[in-house]
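Enquirer: mind looking at a prediction? Sequence and model below.
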Amino acid sequence: MPKMAMLWKNRDVLRMTSFNKDENKICRYCAECIPVAAKLCPRCRQWLTFRSFRNPIFMFITVILPFLGVMALFVRFAGNMINPPPYYSDFKDSIQILKSNMNWAETTTGPRLFLTGILTNQSQIAWRQPEFDCRFFDSKGQMVDAVSGYSSLTVLPGADSAFRVSVNPALSSNSYSSFRIFVSNAKNIRGY
Amino acid sequence: MCVCGVIAIGSFVFICAWTWPNDRDGSRYDFAWHRRDLEAKNVKITVRPQGTNEYYYDVSGFVTNKGRIPWRIQDIELSITNSQGTPDVVHASMENSFVVQPHTEHAFALHRWTSMTNVVVAAEARVENAQDGNALEK
């Protein structure tokens, strides 16, 4: 067997015989014998310490996690720019109806139903254009109609405001015996 | 490094797609992902015969919101059945869309007519389309 071929065949033996535990260590990436003080493998160029960007955990903690945090803040900020809070869904039930009445009126387009009343804003935020959930019941207490209406008003924090909801009745007037009305939504002062 | 970069960019795109408004109205959420939050309950139907082949019917009920996002209801799908068991489907757009706040209910009523040959006896309803209740109304 040629000398070079024999050396190649016994390279592991040669490597082990040249391994000195005090001066050398084994690279965990390429399994080569390298100096014990090496922080970077001279053969595979792999960082051997934890604080290496090639270490996935270190990379995740130092780069990706802060990056995602910054991006989330950015997206939240930009989203609030487009659709600024506060939202009525966070303050639902802050507008309460104190008093309400149902009135019929004959108009040129036929009979119309007007719900009027007074509402109060119990929050510290001004709300605009409240939307109402109007439910109508017959004499037996069965719900016969439901209408979603709105009133163009602004109700300031802690203040009262009168409202009027105009309803186009779908049934004859004697079907509307009683009603209940709730505030279902409102816009903030910026119009959202 | 390359894989981490791809993960970071992919995460950014995912977060943007998830929270960024998909329209200029400021919608933050897509109804397709939250369809199960809305449920139509206590749906009742009453029929008023008008002509020989026409029946006006009034459907009323409540839409409940089990989720944490307010939804503005725009379309409701009605499945009505007559006494012979023949089904019909109506896709009804709400004349005045309404917002159902989280963990609340909102009443609805629809007044339609059908030329089915027999009286309508049953109706089922489900919310077909809605938009983010905190966004501008489309």
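Expert: On my side now, so go ahead.

Enquirer: confirm that residue A:59 sits in a helix.
Expert: Yes - assessed by DSSP: H, G, I helix; E, B strand; the rest coil, residue A:59 belongs to a helix.

Enquirer: tell me the spacing between it and residue A:86.
Expert: According to CB to CB, to the nearest Å, residue A:59 stands 39 Å off from residue A:86. Every C-beta, even on glycine, is put in place using the N, C-alpha and C of the backbone.

Enquirer: then residue B:32?
Expert: 27 Å.

Enquirer: ok, those two, which is more surrounded?
Expert: In this view residue B:32 and residue A:86 are compared by other CB atoms under 10 Å in any protein chain shown, and residue A:86 has more residues nearby, 17 against 8.

Enquirer: what's residue B:124 in contact with, if anything?
Expert: B:40, B:43, B:78, B:79, B:80 (CB atoms under 8 Å, 6 or more residues apart in numbering or on different chains).

Enquirer: I'd like those as TSV, with pLDDT and distance to residue A:77 appended.
Expert: Shown next, in TSV, are the contacts of residue B:124 (pLDDT from 0 to 100; distance: CB to CB, whole Å):
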residue	pLDDT	distance to residue A:77
B:40	95	37
B:43	93	42
B:78	89	42
B:79	88	44
B:80	84	48
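
Enquirer: widest-spaced pair of those?
Expert: The most widely separated members of the contacts of residue B:124, counting by CB to CB, are B:40 and B:80 (13.2 Å).

Enquirer: and the two? Which one has more around it.
Expert: residue B:80 (23 against 20).

Enquirer: in the helix or strand where that one lies, what counts as buried?
Expert: Secondary structure from DSSP states H and E places residue B:80 in strand B:71-82. Of the residues in strand B:71-82, B:71, B:72, B:73, B:74, B:76, B:78, B:80, B:81, B:82 count as buried by neighbour count, 16 or more other CB atoms under 10 Å in any protein chain shown.

Enquirer: tell me how far the fifth one lies from residue B:98.
Expert: Just to be clear, that refers to residue B:76. The spacing between residue B:76 and residue B:98, counted by CB to CB, is 11 Å.

Enquirer: identify the contacts common to these two.
Expert: With CB under 8 Å, 6+ apart as the test, residue B:76 and residue B:98 both reach residue B:108.

Enquirer: quick one: the strands in chain B?
Expert: Listed in chain order, the strands of chain B (DSSP state E) span B:38-49, B:55-65, B:71-82, B:87-100, B:105-114, B:120-132.

Enquirer: mind listing the strands the second one pairs with, and their directions?
Expert: What that stands for is strand B:55-65. Applying DSSP bridges, strand B:55-65 is found paired with strand B:38-49 (antiparallel), strand B:105-114 (antiparallel).

Enquirer: which of those sits closest to residue B:138?
Expert: When the strands paired with strand B:55-65 are compared by CB to CB, strand B:38-49 sits nearest residue B:138, at 17.1 Å.
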